[in-house]
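Participant: curious how this folds, go ahead:
(chains A, B, C and D)
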Protein chains: 2
Amino acid sequence: MNMELSGRRLPSPDKSHRISEVDAIERTPVGIGLNAAIVAVLDDEPVALAVRGDPDAASATDALPFGPFNPREHRTLEGGLRAWVHDQTGIDLGYAEQLYTFADRGRHLEPGDNQPHVVSIGYLALTQASSQHGLTNGVWRSWYHYYPWEDWRKGRPEIIARDIEPRLKTWANNVSTAAAQQRPIARADRARICFGLDGTAWDEEKVLERYELLYEAGLVDEARRDGRSAAKDWPDQPKFGVPMQTDHRRILATAIGRTRAKIKYRPVVFELMPDDFTLYELQKTVEAILGPHLHKQNFRRLVEGAGLVEPTGDVKTRTGGRPAKLFRFRREVLLERPAPGVRVSAPPSRNSSL
Amino acid sequence: MNMELSGRRLPSPDKSHRISEVDAIERTPVGIGLNAAIVAVLDDEPVALAVRGDPDAASATDALPFGPFNPREHRTLEGGLRAWVHDQTGIDLGYAEQLYTFADRGRHLEPGDNQPHVVSIGYLALTQASSQHGLTNGVWRSWYHYYPWEDWRKGRPEIIARDIEPRLKTWANNVSTAAAQQRPIARADRARICFGLDGTAWDEEKVLERYELLYEAGLVDEARRDGRSAAKDWPDQPKFGVPMQTDHRRILATAIGRTRAKIKYRPVVFELMPDDFTLYELQKTVEAILGPHLHKQNFRRLVEGAGLVEPTGDVKTRTGGRPAKLFRFRREVLLERPAPGVRVSAPPSRNSSL
DNA sequence: CTACATATACTCGATTAGAGCATATGTAGT
DNA sequence: ACTACATATGCTCTAATCGAGTATATGTAG
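Facilitator: Numbering: from 1, shown residues only, chains lettered A, B, ... in the order given. This next block holds a predicted model:
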């Protein structure tokens, strides 16, 4: 160790190649915006907090809560986020994690192009909706309001076979050979893998990939708004979910995908639950996030066996049947296991991957 | 679906709470820096590309390649990154993904505090070191040069029991009750979980957590440089890895952790391999990233069984034994399976988590 | 008291992970 | 040519785990 591999060292470094980080500042006049995807589960429905977008715009579209990051006021990004989320919505965030930083041009196209650029840093926050009595702004809206194709709770959503699949097939065929060579994976394959066409398995985590494919194909409203040429090929479209301001729908898609992924290997579901809950309520919450039907008995075995919960001693009656024991999250698992999570059993076709 | 949950809607939104994203720009005078952790494996050693830091600084410390992001020049962050990485080092990046955006104050403390703030967006790039003949700047350095405690190839590294464990225990005991209540997890528990003390399993993915714990405890050089009070408690320290400029060691730690995690569920190892390779070479590369000894026969079974590779038909002789078949990456897996990766077998104690 | 609904306990078979043994096929030395 | 050796590769065995089903417990509604 500590080897320098100096055989590979290169000739005297050219100073012109060295760019100090401080130099970088002068040259990049940008603003930092923070966007929060605040997620909860309300009556077995997965929801995110939406605010009305820029009220000066012609038609106010939905937006995620957002605010500037001012490094003079706040020492950390997360601190800044928590502060203005509280000011704007009244919510005191609990769990929060950074998602992704979006800076593609196209975020601000509306008036002239001379505006300063905004880089937006997306955050995911998980909270318990019913505990947010102090909510002063914003509405909880179902995820599936924005992404109807993600709603598999009643089986495969109709919109895929009826609206998405035929248009994506058209779009896939409608490609010049030059363009086909640019992309390593062909359009048809991407559509098949993203949306589980032609018997391919559905991967509930690919939320962002699906949204971006629809954007690229010009099917979502944001593509038209941004003047993407692909959008011009589709006159009189049905609605592919409700649009959001700038790229907020990308950020929320990232948040949903991350939530779905993370719930499987970290005990983050409990951020969405009240202190005491029954195992079936826990299962319903997981299903709200991931999609349908887990095997009830196995779910119990997994959750209890992993030491994620402990009984409170009480029961909840009036469940329509035998009363259910109440449980609480065992915070100690965090000290015991390096990566606890709610393992859910996927159908064998998917899980046999390696 | 499309439910509005209007029962939870709130009174007329207060306009003062609405902050347009364009407003945000005026108020946040910051620069965007891009940092690239360019990772390769060279002679079974995991390496990253390091450049000399700001040459005007008193003592030039190692740095990751970095450059500004200028939105007028480049449409995307990744595009900007690729451009200046090429200019600065001669490397044409292949695989690249965004890691994390760091903006904590403390990044620039050296002279006055009046400097503009830099937000740095870290990227991970994987490349094949021996294919980089055009390298014009920078040195490949072993990961373990910067993080000796991560090197488990010859068993548990001595530095943990000899230098880290006793100091972390001191640091854990040396805490006021007030401070203890701020952190949800006690210092001693964090140290135990991060560094696998007292029989706790080592989690090779927690690279960032370990570095940040050492920083917080004042043990790494950057903590002293930043004037952290914890660093003052340790006169005459042994060296806990080689420091880097500003927070580059945090970024590289993030990159290592992400690489270790991702190699298990996406076929990213092949970015580090030449076109043709033997299964043992592939195994050695995985072991360079993850740490020691996978079961050879099972590794073969997993990799072949997953359809990740196909034989080229050739063999590699002069291996010191029976010649090994050469394989190549089967790109088609990307079209077949939603999440292929190199599953490695962890000891049962760890994998039984759920 | 009965029908029913949900909760909870237990069982079974198929698959897979982890480990080891056996065999194949080259190189190096005599 | 033959032997010792090293690595590659194929196969088997066992325990753990997963997905699914059956059986039982305990409440509510009529």
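
Participant: switch to C-alpha atoms for all contacts and neighbour counts from now on
Facilitator: Will do.

Participant: you'd agree A:G138 is up against A:A48?
Facilitator: No. The criterion here is Cα atoms under 8 Å, and A:G138 misses it with A:A48 at 9.7 Å.

Participant: what about the two, which has more around it?
Facilitator: Taking neighbours as other Cα atoms under 10 Å in any protein chain shown, A:G138 and A:A48 compare with A:A48 leading, 28 against 24.

Participant: count of neighbours near the one residue in the stretch 101-250 of chain A that gets nearest to DNA strand C?
Facilitator: For the stretch 101-250 of chain A, the residue closest to DNA strand C is A:A201, as judged by Cα to the nearest atom of the strand, at 15.1 Å. Using other Cα under 10 Å, the number of residues around A:A201 comes to 18.

Participant: for A:Q182, same thing?
Facilitator: Number of residues near A:Q182 (other Cα under 10 Å) recorded here: 9.

Participant: and it, what does it touch?
Facilitator: Residues in contact with A:Q182 (Cα atoms under 8 Å, 6 or more residues apart in numbering or on different chains): none are found.

Participant: the biggest strand by length in chain A close to chain B?
Facilitator: The longest strand of chain A (DSSP state E) is strand A:30-42. Yes. Using Cα under 8 Å from any Cα of the partner chain, strand A:30-42 reaches chain B at A:30-33.

Participant: which stretches of chain A form strands?
Facilitator: Counting by DSSP E, the strands of chain A are A:30-42, A:45-52, A:62-63, A:66-68, A:95-102, A:117-126, A:139-142, A:277-278, A:309-316, A:324-329.

Participant: now A:L272: how far from A:Y146?
Facilitator: 20 Å (Cα to Cα, to the nearest Å).

Participant: tally up the residues packed near the closest residue to A:E165 other than its chain neighbours, please.
Facilitator: Spatially, and ignoring its direct neighbours in sequence, A:E165 is nearest to A:L197 (7.5 Å; Cα to Cα, 6 or more residues apart in numbering or on different chains). A:L197 has 17 neighbours, counted by other Cα under 10 Å.

Participant: kindly provide the distance from A:L197 to A:P46.
Facilitator: For A:L197, the distance to A:P46 equals 25 Å [Cα to Cα].

Participant: ok, A:A324 next?
Facilitator: Per Cα to Cα, A:A324 is found 23 Å from A:P46.

Participant: so those two - more neighbours on which side?
Facilitator: Using other Cα under 10 Å, the more surrounded residue of A:A324 and A:P46 is A:P46, with 23 against 17.

Participant: can you list contacts of the longest helix along chain A?
Facilitator: Longest helix in chain A, counting residues (DSSP state H): helix A:248-262. Contact with helix A:248-262 is made by A:35, A:37, A:63-64, A:99-100, A:122-124, A:146, A:204-208, A:211-212, A:243, A:268, A:289-290, A:341, as judged by Cα under 8 Å, 6+ apart.

Participant: that helix to strand A:117-126, inter-axis angle?
Facilitator: In terms of direction (axes from the mean of the first three to the mean of the last three Cα atoms, to 10 degrees), helix A:248-262 departs from strand A:117-126 by 40 degrees.

Participant: and helix A:248-262 with strand A:95-102, angle?
Facilitator: 130 degrees.

Participant: now the angle between strand A:45-52 and helix A:248-262, please.
Facilitator: With the same axes, to 10 degrees defining the directions, helix A:248-262 sits at 150 degrees from strand A:45-52.

Participant: how far off centre is helix A:248-262?
Facilitator: Put simply, helix A:248-262 sits 1 Å off its chain's centre (Cα atoms, centre = their mean, to the nearest Å).

Participant: could you list the single helix or strand in chain A with the lowest mean pLDDT?
Facilitator: One helix or strand of chain A scores below all others by mean pLDDT, DSSP states H and E: helix A:348-351, with a mean of 30.

Participant: any idea how far DNA strand C is from the most centrally placed residue in chain A?
Facilitator: Nearest to the mean C-alpha position of chain A, by Cα atoms, centre = their mean, lies A:A255 at 1.7 Å. Using Cα to the nearest atom of the strand, to the nearest Å, one obtains 28 Å as the distance from A:A255 to DNA strand C.

Participant: equivalent analysis for A:L308, please.
Facilitator: Taking Cα to the nearest atom of the strand as the measure, A:L308 falls 14 Å from DNA strand C.

Participant: and the pLDDT at that residue?
Facilitator: pLDDT recorded at A:L308 is 93.
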